[in-house]
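J.: Return atomic coordinates for the entry below.
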Amino acid sequence: MARASTLPEHLRPMLATLADAPFDDPDWVFESKWDGFRMVTTIAGGKVTLYSRNGKLLSDSYRPVAQALERIGRDAVLDGELVALDAHGVSRFQLLQNALKEQARLRYCIFDLMFLGGKDLRRQPLVARKERLQALLPEDALISFSAHRPERGKRYFQEAQRQGLEGLMAKRSASLYLSGARSTDWLKIKTARRQEAVVVGFTAPRGSRPHFGALVLAVREGSAWRYAGHVGTGFSRAVLEQIHGLLRPLRTAASPFATRVKDEAATTWVAPKLVAEVKFTEWTSAGEMRHPVFLGLRTDKRPEDVVRERERRRTARQ
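T.: Predicted structure coming up:
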């Protein structure tokens, strides 16, 4: 189990803004959007420490990755995404759920260098940081440099769609690294709609299905929880059992919503502790996800940080 920690402000990862469409621009570069979870690495005096985005220590959980990074041999702070690869070399978030048990093919895809040899590189342009990063990384099957390509975002997005990738990252070539901030200098462009949501309840199973029927989902809106829909597909029998086991100790009597939602008579409410990743077709006018499919649980996000992700239209001056 990952131990809790507080990630210092200067080590917190920079966050991207969701964009509505791919674009071409000579001042921007484009990278694969990896389908895993964010991981910041510190190397100090030969010791490697791995952190999740919300500051949990992961070094013991992913010891082989930490050992591979020891080969760098210099003090540094790296930013990247830990992924599990399928048989075709495509990162799949679902594979990460049981990666440690099933010995999935893990890879740490590193895309930025914040500090090197005690020097703060965050005020240097992105492409300059990435050049130093690429020269720093040793050859190892567990780690890789997240390559970037210039200008032709529309073409690269079409390639990502054909390959079944989660999407594309667009980054301004000269962008600085803004620790802990969400910036429009980094954009994420998804091939399918996805959303994190907090599990606040589950419905009774029907027919031959065991454990539960659907998860009740919510997102944070101000200081309250807003209903975001029910998800009842995307679960294997093993996952149904696993999630039900996590939900049982969280049962509570009260609904988190100010108004009634569907199937309340068949719903068991739970404390908002678990974060799910869901893909869906569109948002309804009532703010619910249409045709949601469960992808997995996330341990790298705090429930209170989960808000509805809204696409931002990029203007020509950006």
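
J.: pLDDT (mean, whole number) over stretch 45-56?
T.: Averaged across stretch 45-56, the pLDDT comes to 93.

J.: List the buried residues for that stretch?
T.: Buried residues in stretch 45-56, counted by 16 or more other CB atoms under 10 Å: 48-56. The way it works is simple: take the backbone N, C-alpha and C, and place the C-beta from them, glycine included.

J.: Just give me the closest of the residues you listed to S255.
T.: N54 (26.2 Å; CB to CB).

J.: And the pLDDT at the closest residue to the closest one other than its chain neighbours?
T.: Leaving aside its sequence neighbours, N54 sits nearest to R302 (CB to CB, 6 or more residues apart in numbering; 5.2 Å). R302 is assigned 91 on the pLDDT scale.

J.: Now secondary structure and distance to E9 too, for the buried residues of stretch 45-56, in a markdown table please.
T.: Shown next, in a markdown table, are these (DSSP: H, G, I helix; E, B strand; the rest coil; distance: CB to CB, whole Å):
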| residue | secondary structure | distance to E9 |
| --- | --- | --- |
| V48 | strand | 21 |
| T49 | strand | 16 |
| L50 | strand | 18 |
| Y51 | strand | 13 |
| S52 | strand | 16 |
| R53 | coil | 14 |
| N54 | coil | 13 |
| G55 | coil | 11 |
| K56 | coil | 16 |
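
J.: from the residues you listed, which is closest to E309?
T.: Distance to E309 across these (CB to CB) is lowest for R53, with 14.8 Å.

J.: Kindly state the beta-bridge partners for the closest residue to that closest one other than its chain neighbours.
T.: Distances taken as CB to CB, 6+ apart put R38 closest to R53, at 4.1 Å, once the chain neighbours are dropped. Per DSSP bridges, the residues bridged to R38 are E81.

J.: how deep is R38 tucked in, by neighbour count?
T.: As a burial measure, R38 scores 17 neighbours (other CB atoms under 10 Å).

J.: Just confirm it contacts D300, I think it does.
T.: Yes - when contacts are counted by CB atoms under 8 Å, R38 is listed as touching D300 (6.2 Å).

J.: any shared contact partners between those two?
T.: Common contact partners of R38 and D300 (CB atoms under 8 Å, 6 or more residues apart in numbering): 52-53.

J.: what secondary structure does A197 sit in?
T.: strand (DSSP: H, G, I helix; E, B strand; the rest coil).

J.: what number of residues lie near it?
T.: A197: 28 neighbours (other CB under 10 Å).

J.: what's the answer for F23, then?
T.: 19.

J.: now do L18
T.: For L18, the tally of surrounding residues (other CB under 10 Å) stands at 17.

J.: on that earlier part again, got the phi/psi numbers for the residue nearest to N54?
T.: phi -80, psi 140 (degrees, to the nearest 10).

J.: isn't it right up against R53?
T.: No - look at R302 against R53 with CB under 8 Å: they stay out of range, at 9.2 Å.

J.: Where does pLDDT dip in this protein?
T.: 1-6, 97-104, 314-318 (pLDDT under 70).

J.: which residues sit in contact with the residue nearest the centre of it?
T.: What sits nearest the mean C-alpha location of the chain, by CA atoms, centre = their mean, is F37, with 4.3 Å. Counting by CB under 8 Å, 6+ apart, F37 makes contact with 52-53, 81-82, 93, 96, 298-300.
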